[in-house]
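S.K.: Dropping the sequence and predicted coords here.
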Amino acid sequence: MADRPAPQLDLATLQFHGCALVRPECVLATADGSLYTADWRGGVAQTHADGTQTLYAGRLPEGRALRPNGIALRHDGSFLLADLGETAGGVFALTRAGALAPFLERVDGVDLPPTNFVAEDTAGRVWVTVSTRRQPRAAAYRGDVADGFIVVVDARGARIVADGLGYTNEALVSPDGRWLYVNETFGRRTSRYRIGPDAELSGRETVATYGAGTFPDGLCFDAEGGVWITSIVSNRVIRVAPGGAQTLVLEDADPAHLAWVEQAFVSGTMGRAHLDQAAGRVLANVSSLAFGGPGLRTAFLGCLLGDAIASFAAPVAGHPPPHWNWSPHR
């Protein structure tokens, strides 16, 4: 469990990037100073280093706009989008010209439910998470539901490689390539699996467990072997050291709101209303983190309910993600 020292970061020191973003739940950073965020206008918003913005968006043939949750930047500059649809999901490929095409809609003979996250690793494998099979998804905002799963897409095709997770959220391959780390939001833990030669997952381990008010959503790695976790509701950023010690880096939470949500979670009555309100002083339901900037010493925060990306100077440099040097111009 995490110690809960006073937050080390003064909220007044936060800086903000971009404007008028629509549900920037997932944030990615690249070496050229760009920030990419999921955008519910149907694609990805790029905030350039000079502060200008470009929206890459497309629509499906039937006219339905996607609701991107997680996004991945590919080597050719295109994107993969995890669609958090009302009743259906999947992963879609989007070019910068706005061409949109299905990438993955069925796995193991079953249509994908609303889909949470997608990431591509250095080996070219694509990892996809589905938080729950329950409809509506809010029926899984409980500690006793564990029906989330992980899909891998590689040269062999797509298949489920892990199942029975407590609301699967972001999942990333560790810098050494040996482990897949994954947040279980309502299981209140970060887990990891050993990756086998054919991308099979085994040896599930608990990396960290979290207490009241922490609901782990986003994750990323730093250059010293630490794992950084973002928590919705409490707007917490936690660093989990290689030995397991937890440091609370940042928090922006209203105690009364946090107590209301926590009581609902414990009693099994938590619903959308508990996630659709921003009760922080500055932050609006922080959901992801990406290291960027010179030396990867800046932490950028995606959020569910904000319209800009907050950032702060990180005490530890980030580890460069697979897409760090991928050209945005191809």
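M.R.: Cool, got the structure. Numbering: from 1, shown residues only.
S.K.: for the stretch 1-150 of the chain, which spans come out with low pLDDT?
M.R.: Along the stretch 1-150 of the chain, segments meeting pLDDT under 70 span 1-7.
S.K.: ok, residue 40 - how many residues close by?
M.R.: By other Cβ atoms under 10 Å, the residues close to residue 40 number 17. For every residue, glycine as well, the C-beta is placed using N, CA and C.
S.K.: Revised request: answer the last question for residue 133.
M.R.: 16.
S.K.: State the helix or strand in which it lies.
M.R.: Using DSSP states H and E, residue 133 maps to neither a helix nor a strand.
S.K.: how far away is it from residue 167?
M.R.: 11 Å (Cβ to Cβ, to the nearest Å).
S.K.: Now do the shared contacts for these two.
M.R.: Common neighbours of residue 133 and residue 167 (criterion: Cβ atoms under 8 Å, 6 or more residues apart in numbering): residue 148.
S.K.: Contacts only, for residue 139.
M.R.: Counting by Cβ under 8 Å, 6+ apart, residue 139 has contacts 132, 145.
S.K.: Could you do residue 323 as well?
M.R.: 28, 30, 72, 73, 74, 75, 120.
S.K.: same thing but 7 Å
M.R.: 28, 30, 73 (Cβ atoms under 7 Å, 6 or more residues apart in numbering).
S.K.: For ChimeraX, write a command that selects the buried ones of those.
M.R.: Per 16 or more other Cβ atoms under 10 Å, the buried members of these correspond to this ChimeraX selection:
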select :28,30,73
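S.K.: For my notes, please list the contacts of residue 323 in a markdown table and give distance to residue 281 for each entry.
M.R.: Output for the contacts of residue 323, formatted as a markdown table (distance: Cβ to Cβ, whole Å):
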| residue | distance to residue 281 |
| --- | --- |
| 28 | 26 |
| 30 | 30 |
| 73 | 32 |
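S.K.: Using CSV, lay out the contacts of residue 323 together with secondary structure.
M.R.: Shown next, in CSV, are the contacts of residue 323 (DSSP: H, G, I helix; E, B strand; the rest coil):
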residue, secondary structure
28, strand
30, coil
73, strand
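S.K.: Can you tell me which of the contacts of residue 323 comes closest to residue 222?
M.R.: Using Cβ to Cβ, residue 28 is the member of the contacts of residue 323 that lies nearest residue 222, at 16.2 Å.
S.K.: beta partners of the closest one?
M.R.: Beta-bridge partners recorded for residue 28 (DSSP bridges): residue 36.
S.K.: I'd like the numbering to begin with 150 instead of 1 from here.
M.R.: From this message on, residue numbering opens at 150, which makes the last subject residue 177.
S.K.: Work out for me the element the nearest residue to residue 175 once chain neighbours are set aside sits within.
M.R.: In this structure, residue 175 finds its nearest non-sequential neighbour in residue 187, 4.4 Å apart by Cβ to Cβ, 6 or more residues apart in numbering. Using DSSP H and E, residue 187 sits in strand 184-188.
S.K.: what packs against that strand?
M.R.: Contact here means 3 or more Cβ pairs under 7 Å, 6 or more residues apart in numbering; DSSP states H and E; on that basis strand 184-188 packs against strand 176-178, strand 192-196, strand 217-222.
S.K.: make it 8 Å
M.R.: strand 176-178, strand 192-196, strand 217-222, strand 447-452 (3 or more Cβ pairs under 8 Å, 6 or more residues apart in numbering; DSSP states H and E).
S.K.: any idea which helix or strand comes after the second one?
M.R.: Once the chain leaves strand 192-196, the next helix or strand it forms, by DSSP H and E, is strand 202-206.
S.K.: who does that next one pair up with?
M.R.: Strand 202-206 has these strand partners (DSSP bridges): strand 192-196 (antiparallel).
S.K.: Tell me if I'm right that residue 308 and residue 301 touch.
M.R.: Yes: in this structure, residue 308 is within contact of residue 301 by Cβ atoms under 8 Å, at 6.5 Å.
S.K.: Which one's more surrounded, those two?
M.R.: Using other Cβ under 10 Å as the criterion, residue 308 and residue 301 rank with residue 301 on top: 24 against 14.
S.K.: What does the residue nearest to residue 285 when sequence neighbours are not counted show for phi and psi?
M.R.: Among residues not flanking residue 285 along the chain, residue 421 sits closest, at 7.9 Å (Cβ to Cβ, 6+ apart). Main-chain dihedrals, residue 421, degrees, to the nearest 10: phi -60, psi -40.
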